[in-house]
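Enquirer: could you look at this predicted model? Sequence included:
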Amino acid sequence: MPKVTVDGQEIEVPDGATVLQACELAGKEIPRFCYHERLSIAGNCRMCLVEVKPGPPKPQASCALPATDGQEIRTDTEMVKTAREGVMEFLLINHPLDCPICDQGGECDLQDQSMTYGRGATRYHENKRAVTEKYMGPLIKTVMTRCIHCTRCVRFSEEIAGVDEIGALYRGEDMQITTYLEQAAEHELSANVIDLCPVGALTSRPYAFEARPWELKKTLSIDVSDAVGSNIRLDSKGREVMRALPRINDDVNEEWISDKARYQVDGLMRRRLDKPYIRKGGKLQAATWDEAFKAIAKAKPGKNIAAIAGDMLDCETMFAAKALLKACGSTLVEGRQTGMDYDTSNLAAVNFNSTFAGIEQADAILIVGSHVRWEAPLVNVRIRKAVKRGAKVFVVGPWWDTTYPAEFLGEDLGVLNKLPKALGDALKNAESPAIIVGGAGLKGAHGKVLALAEKFGAAFNVLHFSAARMGGLMLGFAQTGGMADIVNAKPKVVLSLGADEMDFEPFADALKVYIGHHGDKGAHAADVILPAASYAEKDGTYVNTEGRVQFAEKAVFAPGDAREDWTILRALADALKVDVGFDSFAELQAAMIKEVPALGEEGLADYGALPKADAKAKAEGTISAYPIKDFYLTNPIARASEVMQRCSAELLHGEDLAEAAE
Amino acid sequence: MADRTPAPDTPELRERWGGFEFTDAYRAKADKAIARYPEGRQRSAVMPLLDLAQRQVGEETNTQGWLPLPVIEYVADYLDMPVIRVLEVATFYFMYNMKPVGKYHVQVCGTTPCMLRGSDGLIETCKKRGMSKGHVSDDGLWTLTEVECMGNCATAPMVQINDDNYEDLTPERLDAILDALAAGEQPKTGTQEPGRHTSEPANALSTLKEMVDANHDYRSEW
């Protein structure tokens, strides 16, 4: 633990800290462009210059200088001030003065730092350099003249995403950031370079010229596009969510989010259900809320009513639905809409027990039936980190493009019954092995994998990809036989709570009520449509796949006649003449927390110990395909989003979409 | 600065170079270069491999050689590394030609010492022979490039033609060298100053005179 003095203040810094980190610990602000705590150190912007003794009598780049015992660091001297002014002046030589038309304006590091550390005027009278725009795909807009060559984007794609596609060509003043032959950046985290870019060189293409940061209302929310539960901030203007940005949470998403989480928000404005509909003579016709409720009451469901929860539901909605059904005398609730029927008697056996931060420490990882890159891109980032530390990864299932070396063991789950030597040795010799089971592996190998985890002392993890899954399971949204049990019970009324992936065919005789926010598959099959709120339009509790309870806040109001889901279910209770016992959101939440106390506390829920595994369990079957066929179109919001459709067409299906003339 | 953009990725380029592979001789050299680095560090051999590829392209086209995109992709594939990383290297170093060059790539040094000793005259000489910067001459023999310091300041001005340096030049001496090359002869490389061997002082010794016969410790005199 070296002791250093920063501006006369003596502090102790951790081993391996840099001078920049020491200054930050002492509470000093060090301006920087290229340095980023989650990326490797490049040391090429020179903005972080400080004076360090002992050492050469010149300013030193603090980001790349290790802090050593007895160092005397000054950040407030004349030399440091002039050095920063000098660097800033050089950076601005070739940087255009186009802040008024730049989307980064108002949240630009260069703008802010030139205000604070710059000279205020230029002495440069020559021509500025100009650089041609580079195409980087449908999400990233480039204005490369603004680039200051910090190489954060290059380091991000190489180190974090694991897809080497952005590079710096040429050298010196001619250096240019580009992808190979200006191909689109093709990975699920590509848009994070927009946040990383300290200037306006890489900006968001769908959000181009839409709003200024100071016009936006910022709401803390939770992403529902996968089960990671990324912490996001929804920026809204009026009734529209303009963009989603990541919030920093080292336990969950660090500071990244997937492209889907970021760009599906334009889907919130399209294909919305904004008034109730009733099917009359085979055709859906607009109706009033009264008529819709009467139509449902007319079906006289009694206790023959079932509720299917969709993938993006908050816990409150699911609890309200459960309470409604309970009041009717029914327990027919299910959340695994595609028909999964794994055992949910012990929630630890369906949870990601390592935690996301914990999986980084694993030194042998077996993935069974999970396309991690698509099902949870941010977990893939963690696995990549583990691999960089030396972990070995084995995958059972069809091949997918991992961003790290991994050994594929074939599609036959039977391989788990007699482990190949390499895998067996790796698990046996590992200090902290981990096993991850995805949706495709749960059917044939859940029991076997539990047994393997017990045998090797490995952490047992289930990787879900529905934001509502863990919350639903905590609330008991599961039948022993899955959807089949619901079908067999022959309900008279089926409430589909945003459940679009379910099969409506077996419910042909029932009255199908769709309570959701998008006119997608569910709405097409429904007899009555009750327009509800999306995740951006209601407060709610979400539980991610590692059992982390998180609260999201309402950013905007639902469009038209749409209402928050719980109010719909509350009104439906009146229509069915039953009592659910809550009249406000607070009462509903309190009732939910009373039933499942873990939902009232933010943080990891405790599911107890894993069940005793059945040592004789056998894995059987083959995994022919993963559940997600198209990363960009997994939920109704994304399917309604033009940006996601374009990503799907261009990045996954290789359609050559000409750039729209701007 | 020279134009370093890669030659455009056209169907013709793909057709001509898409099937590029190292010949046996070059493959042996490439594998030898890779073997110099420890296991798992094969990527370190990217520079020698790009050079070898350029030389093979040169042999095939009877020029100094250059690096078409498919050849860069081949090298990336050979070393199992992302092609953008190879392209970064290829566009960084001026010794890799990103566009076709002539049989003789005349690189005239124009940095201060050579400029003071008359490199402007050398460029003039080249231009008189029909060369222009960054272009292949009509007969396919010459490409003229002005480069920065090649480290031969003691024998300035100098010109590098393919792998050889020609130093202590005057316009007449350069003309003679270019004539010889055009005639298919190999002129004398190195210094062109009669009586001079390498870069030793051109006239009488002016510094470090005590060092001529034996080692001498100057430190006490500083």
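Expert: That came through, no problem. Residues are numbered from 1 along each chain as shown, chains lettered A, B, ... in the order given.
Enquirer: which stretches of the chain have low pLDDT?
Expert: Looking at chain A here, since you left the chain open. Across chain A, the ranges flagged by pLDDT under 70 are A:655-662.
Enquirer: chain B is the one I meant
Expert: B:1-2.
Enquirer: hey, where'd the helices end up in it?
Expert: B:11-17, B:24-35, B:46-61, B:69-78, B:83-92, B:112-116, B:119-128, B:171-182 (DSSP state H).
Enquirer: could you dump the ones you listed to JSON lines with distance to chain A and mean neighbour count?
Expert: From N, CA and C alone the C-beta is placed, and that goes for glycine too. Putting the helices of chain B into JSON lines (distance: least, C-beta to the nearest C-beta, whole Å; neighbours: other C-beta atoms under 10 Å in any protein chain shown) gives the following:
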{"stretch": "helix B:11-17", "distance to chain A": "12", "mean neighbour count": "13"}
{"stretch": "helix B:24-35", "distance to chain A": "19", "mean neighbour count": "14"}
{"stretch": "helix B:46-61", "distance to chain A": "13", "mean neighbour count": "19"}
{"stretch": "helix B:69-78", "distance to chain A": "8", "mean neighbour count": "20"}
{"stretch": "helix B:83-92", "distance to chain A": "4", "mean neighbour count": "22"}
{"stretch": "helix B:112-116", "distance to chain A": "18", "mean neighbour count": "16"}
{"stretch": "helix B:119-128", "distance to chain A": "21", "mean neighbour count": "18"}
{"stretch": "helix B:171-182", "distance to chain A": "29", "mean neighbour count": "17"}
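Enquirer: output those helices as TSV; include the columns distance to A:Glu601.
Expert: Shown next, in TSV, are these (distance: least, C-beta to C-beta, whole Å):
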stretch	distance to A:Glu601
helix B:11-17	61
helix B:24-35	57
helix B:46-61	53
helix B:69-78	51
helix B:83-92	46
helix B:112-116	72
helix B:119-128	77
helix B:171-182	83
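Enquirer: for A:Asp561, which of those helices is the nearest?
Expert: Closest approach to A:Asp561 among the helices of chain B (C-beta to C-beta): helix B:83-92, 51.3 Å.
Enquirer: between helix B:46-61 and that closest one, find me the angle.
Expert: Angle of helix B:83-92 versus helix B:46-61, following axes from the mean of the first three to the mean of the last three C-alpha atoms, to 10 degrees, is 70 degrees.
Enquirer: from the contact counts, what lies against helix B:83-92?
Expert: Counting by 3 or more C-beta pairs under 8 Å, 6 or more residues apart in numbering or on different chains; DSSP states H and E, the packing neighbours recorded for helix B:83-92 are strand A:166-169, helix B:46-61, helix B:69-78.
Enquirer: distance from the chain centre to it, please.
Expert: Relative to the mean C-alpha coordinate of its chain, helix B:83-92 is positioned 18 Å out (C-alpha atoms, centre = their mean, to the nearest Å).
Enquirer: now tell me what touches it from outside.
Expert: Residues from elsewhere that reach helix B:83-92 (C-beta atoms under 8 Å, 6 or more residues apart in numbering or on different chains): A:164-171, A:179-180, B:4-6, B:43, B:46-47, B:50, B:67, B:72-73, B:75-77, B:79, B:96, B:98.
Enquirer: that helix versus helix B:69-78: what angle between them?
Expert: Angle between the axes of helix B:83-92 and helix B:69-78 is 120 degrees (criterion: the same axes, to 10 degrees).
Enquirer: for the residue nearest to A:Met136 when sequence neighbours are not counted, what are its contacts?
Expert: Nearest residue to A:Met136, sequence neighbours excluded (C-beta to C-beta, 6 or more residues apart in numbering or on different chains): A:Ala185, at 5.1 Å. A:Ala185 makes contact with A:Met136, A:Gly137, A:Leu139, A:Ile140, A:Ser157, A:Val163, A:Glu165, A:Ile166, A:Thr179, A:Val193 under the criterion C-beta under 8 Å, 6+ apart.
Enquirer: closest to chain B among the residues you listed?
Expert: Chain B lies nearest to A:Glu165 out of the contacts of A:Ala185, by C-beta to the nearest C-beta, at 6.1 Å.
Enquirer: would you mind measuring from that closest one to A:Ala307?
Expert: 45 Å (C-beta to C-beta, to the nearest Å).
Enquirer: these two - which one has more neighbours?
Expert: A count of neighbours by other C-beta atoms under 10 Å in any protein chain shown puts A:Ala307 above the other of A:Glu165 and A:Ala307, at 30 against 22.
Enquirer: name the helix or strand for that one, please.
Expert: Applying DSSP states H and E as the criterion places A:Ala307 in strand A:305-309.
Enquirer: coming back round to it: Three-state assignment for the residue nearest to A:Met136, please.
Expert: On the three-state scheme (DSSP: H, G, I helix; E, B strand; the rest coil), A:Ala185 is labelled coil.
Enquirer: burial measure for residue 117, as a count.
Expert: Here I'm looking at chain A. The number of residues near A:Tyr117, taken as other C-beta under 10 Å, comes to 17.
Enquirer: the chain in question should be chain B.
Expert: 19.
Enquirer: just to revisit the earlier point, neighbouring strands - and their directions - for the strand holding A:Ala307?
Expert: Within its sheet, and counting by DSSP bridges, strand A:305-309 is paired with strand A:332-334 (parallel), strand A:493-497 (parallel).
Enquirer: from A:Val265, how far off is A:Leu273?
Expert: Using C-beta to C-beta, one obtains 17 Å as the distance from A:Leu273 to A:Val265.
Enquirer: what's the answer for A:Leu475, then?
Expert: Noted for A:Leu475: a distance of 27 Å to A:Val265, by C-beta to C-beta.
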